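Trainee: This is the structure alone, sequence omitted:
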Ligand code: A2P
């Protein structure tokens, strides 16, 4: 038998059994940071346009339903951690051992497929904020993801004199993804050329941990309430005139910080009504 014909026949048959899913992308890289955190990169659909800070729905096929034998996709909202100009897409994720999606997602390898619905949305975008002098990024855990995108976005440095990124995590190892990313900006030739040499000097990085000893311990909310964070950073408390803020963390954190920012006189903005701060829930499985 002609090997070409045989090859064609096999492909044809398997194509019938496993129909090609629409919206399938390919994993290109996976990095594990701790037993709770990992990041991965996938191919980017040619037609996908998004604004740095937005999120998309991603997922994997679930197990077969024992009764119907059918498999359904398990989809969750994930902030895109790569900037809008990047040719691939990056995501930063928690691993939950019994989480419907992340129990499977944590095992992905380069070459695997990932379902990605190319409909980006979200409020952590520059368009939702009025012009200001200082931009604050407030993150806990994987809430760092949209800021990983915005920290690599030229507009962030064009629009502000200073960018303060606070990241509160339980343990020191959970800061690695963010710390490495910020460190890498210093030697990123492309960004230094496009945005301007030394653009990264506008960044003030303020990492804190709550359950493991580090240089700065405590929840950022408590450190702001006591004034310690402002003393450390050498800046006054936030004001509606100068400061703009983006919040992304767990629900309790978002609510607490939102209340604090309102008490400083900042108002919540949206795409249709830009104001002084915006908030988004970090993905939790
Ligand atoms: P803590 O260890 O005191 O709970 P998680 O991994 O549970 O999402 O938490 C990530 C980080 O966010 C932890 O350091 C946690 O501190 C902190 N955190 C949780 N809730 C709040 C809150 N309401 N305000 C500030 N930080 C919070």
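Mentor: All right, it came through fine. This is a predicted model, so every value here is computed, not measured.

Trainee: what does the stretch 1-150 of the chain put close to the ligand?
Mentor: With Cβ under 6 Å from any ligand atom as the criterion, the stretch 1-150 of the chain comes near the ligand at residues 140, 141. Placement of C-beta: from N, CA and C, glycine included.

Trainee: ok, which stretches of the stretch 1-150 of the chain are helices?
Mentor: For the stretch 1-150 of the chain, applying DSSP state H, counting those that start in this stretch gives helices covering 3-17, 102-105, 145-150.

Trainee: Residue of the stretch 1-150 of the chain nearest the ligand, please.
Mentor: Residue of the stretch 1-150 of the chain nearest the ligand, by Cβ to the nearest ligand atom: residue 140 (3.4 Å).

Trainee: Give me the neighbour count for that residue.
Mentor: Look at residue 140: counted by other Cβ atoms under 10 Å, it has 26 neighbours.

Trainee: how long is stretch 103-121 end to end?
Mentor: End-to-end distance of stretch 103-121 (Cα to Cα, to the nearest Å): 25 Å.

Trainee: Okay, buried residues for that stretch please.
Mentor: Buried residues in stretch 103-121, counted by 16 or more other Cβ atoms under 10 Å: 105, 106, 108, 112, 113, 114, 115, 116, 117, 118, 120.

Trainee: now that stretch, how far from the centre of its chain.
Mentor: Its chain's C-alpha centre and that of stretch 103-121 lie 14 Å apart, by Cα atoms, centre = their mean, to the nearest Å.

Trainee: which residues touch the residue nearest to residue 130 when sequence neighbours are not counted?
Mentor: Spatially, and ignoring its direct neighbours in sequence, residue 130 is nearest to residue 274 (5.0 Å; Cβ to Cβ, 6 or more residues apart in numbering). Contact analysis of residue 274 by Cβ atoms under 8 Å, 6 or more residues apart in numbering lists 127, 128, 129, 130.

Trainee: was I right about residue 51 contacting residue 123?
Mentor: No. With contact defined as Cβ atoms under 8 Å, residue 51 does not reach residue 123; the gap is 10.4 Å.

Trainee: can you pull up the bridge partners for residue 25?
Mentor: Bridge pairing for residue 25 (DSSP bridges) gives the partners residue 114.

Trainee: Kindly report the same for the one 5 residues further on.
Mentor: For residue 30, the beta-bridge partners under DSSP bridges are residue 40.

Trainee: number of nearby residues for it?
Mentor: With other Cβ under 10 Å as criterion, residue 30 counts 17.

Trainee: With residue 98 instead?
Mentor: A total of 7 residues lie near residue 98 under the criterion other Cβ under 10 Å.

Trainee: Can you give me every residue that contacts residue 238?
Mentor: Residues in contact with residue 238 (Cβ under 8 Å, 6+ apart) are 136, 245, 261, 264, 266.
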